[in-house]
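In: 3D model of this:
(one chain, ligands or ions: 3)
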Amino acid sequence: MGEGAPDGTRVDLPAEKLPRHIAFIMDGNGRWARTRGLPRLLGHENGASSLRRVTRRCRSLGIPEITFFALSTENFQRRPKTEVGFLMKLLKSYLVSEREELLENDIRLKAVGDVEALPADVRAELAETERLTRDRGSMVLRLALNYGARQEILEAVARIAREARAGRLTEEDVRALGERGFRRYLADPEMTDPDLLIRTAGEYRLSNFLLWQCSYTEIWVTQELWPDFDVPQLDEALRAYCSRERKYGAVSPADLAARCPQGHA
Ligand code: IPE
Ligand code: IPE
Ligand code: MG
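Out: Ligands and ions are numbered 1, 2, ... in the order given. Got it, this is the predicted structure:
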C-alpha cells in the first residue's frame, strides 16, 4: 500500500484520473510454473492469488468495474482435459472461498461467456455467488469464462435476427441502435468499455477478448507473468494510464490551441 490518501491511494494515482473499468488478460501461469520446474497446475493455483490481490487493490482504489479473462472458448476446447478439469476445480473453490470477502467489500460477482458448457457443480456455485452478491454495488468483478469475443458478437447478431424475424426490429431500427444500443445484445449489457486493458506475460495480442468493447481501450502489456503480478505492477500500469491522453480520433486540445500563424489550419 502506498503513501498518500488514507485509503491507500498514492498521490501519483489521482482518483479522478483512474480507469473506471480495467480488463485483465491473466497470462503466463504455465510459463511461471515451467521456469520453476513445477506442473502447470501450480501456475494456475498461484494465479488465483494474484486475482485476489488485484481485486483488493482495485477495490481499495475505488475502481468500480474489473473484468478478468479466466478461460477462453479456445482454452476450453484446446487444452488437455486434465488442465481444464483442474481449472474447473480451482474456479469452483474460488467461487466458494471468496463469497465472504466479496460480500464484506460490497463486490458483485458476474460472469460472461458460455457458462452452460461448464460442469454442473461449477455452474451451481457460480449461480450461488452471483445470487448472493447481486445487490452489492461498490464494484463489479466480472469473470470471463469459456468466453470468446467473436462468439459474443455472433450471438448478439443472432439475437437481433430473432427480434427482426418476430417483427420487433426493422433494418432501420438496427442501424439506429448505434454503439450503445448494440450493447444491449452483448453478453452483459451493463458492461462499460474497459478504459484500460492489462495483459501479462508479454504477448501483444487480444486472443479473442472483448473485441467490441476494446475499440478505444488503452492497452498495457507487461512482461511480468500473471502469478508474479502484484500491487506495484498494477500501480505502474495505472500511473502510465493516468499520464496518457485519450483522443478518440480527435485533435488534442493542446494541438488545437497551438494554431499555425496566418490562417493556416
Ligand atoms: C493463463 O496462463 C491462464 C489461462 C489461459 C487459463 P497460461 O496457461 O496461458 O500460461 P502460459 O501462456 O502457458 O504461460
Ligand atoms: C488468453 O491467454 C486467455 C486467458 C488469459 C484466459 P492464452 O494463453 O489462451 O492466449 P494465447 O493462446 O497465447 O493467444
Ligand atoms: Mg497463455
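In: could you show me where the helices are in the protein, in order?
Out: 29-34, 40-60, 73-78, 81-97, 99-104, 120-133, 149-165, 171-183, 231-242, 253-257 (DSSP state H).
In: Roughly how far does the closest residue to ligand 1 within the chain sit from ligand 2?
Out: Residue of the chain nearest ligand 1, by Cβ to the nearest ligand atom: Gly30 (2.5 Å). From N, CA and C alone the C-beta is placed, and that goes for glycine too. Using Cβ to the nearest ligand atom, to the nearest Å, Gly30 is found at 8 Å from ligand 2.
In: And for Gly37?
Out: Per Cβ to the nearest ligand atom, Gly37 is found 20 Å from ligand 2.
In: That residue - how many residues pack around it?
Out: 6 (other Cβ atoms under 10 Å).
In: same deal with Arg123?
Out: By other Cβ under 10 Å, neighbour count at Arg123 equals 16.
In: same question, Leu238
Out: Residues lying near Leu238 (other Cβ under 10 Å) number 24.
In: try Ala144
Out: Counted with other Cβ under 10 Å, the neighbours of Ala144 add up to 26.
In: related to what we said a few turns ago, verify the contact between the residue of the chain closest to ligand 1 and Arg40 for me.
Out: Yes - here Gly30 reaches Arg40: they are 4.7 Å apart, a contact under Cβ atoms under 8 Å.
In: Give me every residue in the stretch 51-200 of the chain lying close to ligand 2.
Out: Within the stretch 51-200 of the chain, the residues that sit near ligand 2 (Cβ under 6 Å from any ligand atom) are Phe69, Ala70, Leu71, Ser72, Asn75.
In: So the first one sits against Phe209, correct?
Out: Yes - shown here, Phe69 and Phe209 form a contact pair, counting by Cβ under 8 Å, at 5.0 Å.
In: any common contacting residues for the two?
Out: Counting by Cβ atoms under 8 Å, 6 or more residues apart in numbering, the common neighbours of Phe69 and Phe209 are Ala23, Ile25, Ala144, Tyr147.
In: Tell me the one among these nearest to Ala257.
Out: Closest approach to Ala257 among these (Cβ to Cβ): Ala23, at 33.0 Å.
In: list the contacts for the closest one?
Out: 66-69, 194, 196-198, 209-210, 213-214, 217.
In: What score does the closest residue to Asn75 other than its chain neighbours have for pLDDT?
Out: Once flanking residues are discounted, Asn75 sits nearest to Val84: 7.4 Å by Cβ to Cβ, 6 or more residues apart in numbering. Val84 carries a pLDDT value of 98.
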